[in-house]
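Asker: dropping a prediction and its sequence here:
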Amino acid sequence: MKTNKSNPANAIAKYLKVYLVSVKEVLFYPQKMQATVLLIPIRVLVFLFIYDYAFKYIGRPINGINAQIAVWGIAIYQVLLFAQFRGIFRTISEEIKNGSLETQLNKPYEYLFYKFWEHLGKGSPNFLVSLAVVLPFLLLFVGGVPDTFRLTNLIGFLFLVLGGTLVSAALYILIIMPAFWIEDAQPLFWITDKLILVLGGAFVPLALLPQSFQTFANLTPFGAPMFATQMFYPTFAERWGLLFLLQLFWIAILSLAILVVFSKAKLKMSINGG
Amino acid sequence: MDKVVEIENLTKIFTFSVKNPDKGFLANLFSPQTKSIIAVDDISFSIEEGETLAFIGPNGAGKSTTIKILTGILYPTSGHVRVLGLNPQKNRKQLALNIGTVFGQRSQLLFNLPLTESFELFSKVYELDRETYKVQRDKLIELFDLNEFITQPVRKLSLGQRMRAEVAVALLHQPPIIFLDEPTIGLDVVAKRKLRENLKAINQEFKTTIFLTSHDAGDIESICDRTIVVNHGKIIFDGSTSNLRREYLDKKVIRIDLGDDNDEALDLKRDGIKAQRNNKHEAIFEVDTKQTSIDDVLKDVISGKSIEDITIEDPPLEEIIGRIYENK
């Protein structure tokens, strides 16, 4: 019997459409996005008060970090969260539990690629809008751009955002894989999420943490998603290339692991409700 | 005629670990007890192009597992499966490009966006060229009567409208076969009828092979010419839907309108006759044809009584199916 074959050239159009549809879905309900994005300046303001007070008390920068750099880094962390893939864990986890995975496994696309582009689409508008909200806020209330900023840092920043997004996607997708066997991989999510939170600089810039923490952050996949938050560190210009290579290393390792585990997961799969 | 589905000796066993309350956490984790369930037990059948097949059985009979193996979602434990000449597990993506699937309890539409967006997305997913897509989309919109709500977000559609849309989207790439897993579940009478008409129409217009699972006898009767009944993973009936009725039909219902001239009710004293109602104006009997022939019953009825009308009915298919499930 004659059957149609998938044309690899159509893959780009296919996943691009998934991305655009997801963007549209977010824009269709802007209220939710507004609420999430407007919380960021409030959080940043709280950190501004804390770090301003702390550095005034200490009276000097620590490892080249002052209150201004610390708050910019934390603000960037908050914005970058939208380019991360935390949400993909919950989506896939739910789809495994409620069995809706089946409606997608019999479609002519790669399920994990579909989820990747879908989440990228969901995160993009939030990322851009939060950047547009936070930047003027930082310029106005945190005393302009830190002196450590160079235009070349911006290039490094963009590379590390891209790399960090991919590491985060690979990491959260990999830790969902055990859910195919044990149904609930929530504890793994908790551990990963908290490690990224601490090592990524959500509350305390990495440069202020002990050296052992910094080494752990730089040499494990848990610090890699948020390397871009280091863009105002005085040593960033010399280091971002190395950090990007580390990200590429983790992307390769984690993707390989996903490939192996997911192919085994598909063999073991039992769908709830049938 | 080409075979669109070929299954030989298909078996699927699910093995999973079971917690032993007498063992500790670590013992359960590292040496768990396992339990196996045979969901599909050595079944074989084939489906020809353009056939309308009902694949039915009680809950847990192995229907959905079979559909999921046929669509490449699950891997069989043993056996040989070909759909459109392809191995569903080895050629999952190619097969997916050539089949339609609708799972009644799971939506494949974009919930928050207008229905038009789902059509657009699926046109890319199924790699359709713009012209083919537009022609087929317009045909389906007309056939499934989607025009009045096509611009509404899917979440605002009624269940009946949504199910019509689900089936329409699944047919966008003109698949030679569509798998429908309980498509009418939860629908009201009107929505069910409409969807059944649509399914019948696509079978006739596009020659689409229909593989349907349903608990609703109405779906089976109105859509499917052939029925396979499974229970405990095994096929217990495979034949035409009309034969299913005949083969398992050992009861008839006789309704007799006695009019106003009779003084008393009918007196039928034969084995295998159960009166559902019996008064001097009307009588309804259920006759077990294995014990008493309809001929004999009619002779008794006619002798000595004046009757105005008589009808002999088969029990509803639902009842027959229920009896098959209970007996096997």
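Answerer: Arrived safely. Numbers count the residues shown, from 1 in each chain, chains lettered A, B, ... in the order given.
Asker: ok but B:Leu180 is inside a helix, no?
Answerer: No. Counting by DSSP: H, G, I helix; E, B strand; the rest coil, B:Leu180 is not part of a helix but strand.
Asker: next up, the contacts around it.
Answerer: Contact analysis of B:Leu180 by CB atoms under 8 Å, 6 or more residues apart in numbering or on different chains lists B:101-102, B:104, B:167, B:199, B:210-214. Every residue, glycine included, has its C-beta placed from N, CA and C.
Asker: ok, A:Ala179 to A:Lys268 distance?
Answerer: According to CB to CB, to the nearest Å, A:Ala179 and A:Lys268 sit 11 Å apart.
Asker: if you tally nearby residues, what's the number for B:Ala54?
Answerer: 26 (other CB atoms under 10 Å in any protein chain shown).
Asker: assumed B:Glu117 was part of a strand.
Answerer: No. Counting by three-state DSSP, one finds B:Glu117 to be helix, located in no strand.
Asker: and the closest residue to it other than its chain neighbours, which of the three is it?
Answerer: Nearest residue to B:Glu117 in three dimensions, chain neighbours excluded: B:Leu110, at 5.2 Å (CB to CB, 6 or more residues apart in numbering or on different chains). Here B:Leu110 is coil, with the state taken from three-state DSSP.
Asker: A:Asn7 too?
Answerer: Strictly by three-state DSSP, A:Asn7 counts as coil.
Asker: you'd agree it is up against B:Asp129?
Answerer: No. Applying CB atoms under 8 Å, one finds A:Asn7 not in contact with B:Asp129, separated by 10.6 Å.
Asker: can you name the next helix or strand after the host helix or strand of B:Lys124?
Answerer: Per DSSP states H and E: B:Lys124 is located in helix B:115-125. Sequence-wise, the next helix or strand downstream of helix B:115-125 (DSSP H and E) is helix B:130-143.
Asker: pLDDT on that next one, on average?
Answerer: Across helix B:130-143, pLDDT averages out at 94.
Asker: list the contacts of that helix.
Answerer: Contacts to helix B:130-143, defined as CB under 8 Å, 6+ apart, come from residues B:119, B:123, B:128, B:146-147, B:150, B:168, B:171-174, B:198, B:201-202, B:205.
Asker: what's the helix or strand just after that helix packed up against?
Answerer: Downstream of helix B:130-143, the next assigned helix or strand under DSSP H and E is helix B:159-170. With contacts defined as 3 or more CB pairs under 8 Å, 6 or more residues apart in numbering or on different chains; DSSP states H and E, helix B:159-170 has these neighbours: strand B:99-103, helix B:115-125, helix B:130-143, strand B:177-181, helix B:189-206.
Asker: where exactly do the helices run in the stretch 201-328 of chain B?
Answerer: Assigned by DSSP state H, counting those that start in this stretch, the helices in the stretch 201-328 of chain B fall at B:217-223, B:241-247, B:294-302, B:317-327.
Asker: also the stretch 101-250 of chain A?
Answerer: A:101-105, A:111-141, A:151-176, A:179-182, A:186-200, A:211-219, A:236-268.
Asker: OK, contacts around the residue of the stretch 201-328 of chain B found nearest chain A?
Answerer: At 9.2 Å from chain A, B:Thr213 is the closest residue in the stretch 201-328 of chain B, using CB to the nearest CB. Residues in contact with B:Thr213, defined by CB under 8 Å, 6+ apart, are B:54-56, B:63-64, B:67, B:180-182.
Asker: how about the residues of chain A near chain B?
Answerer: Contact residues, chain A versus chain B (CB under 8 Å from any CB of the partner chain): A:1, A:3-7, A:10, A:13-14, A:17-18, A:21, A:24-25, A:28-29, A:99-100, A:102-110, A:266-267, A:269-271, A:273-274.
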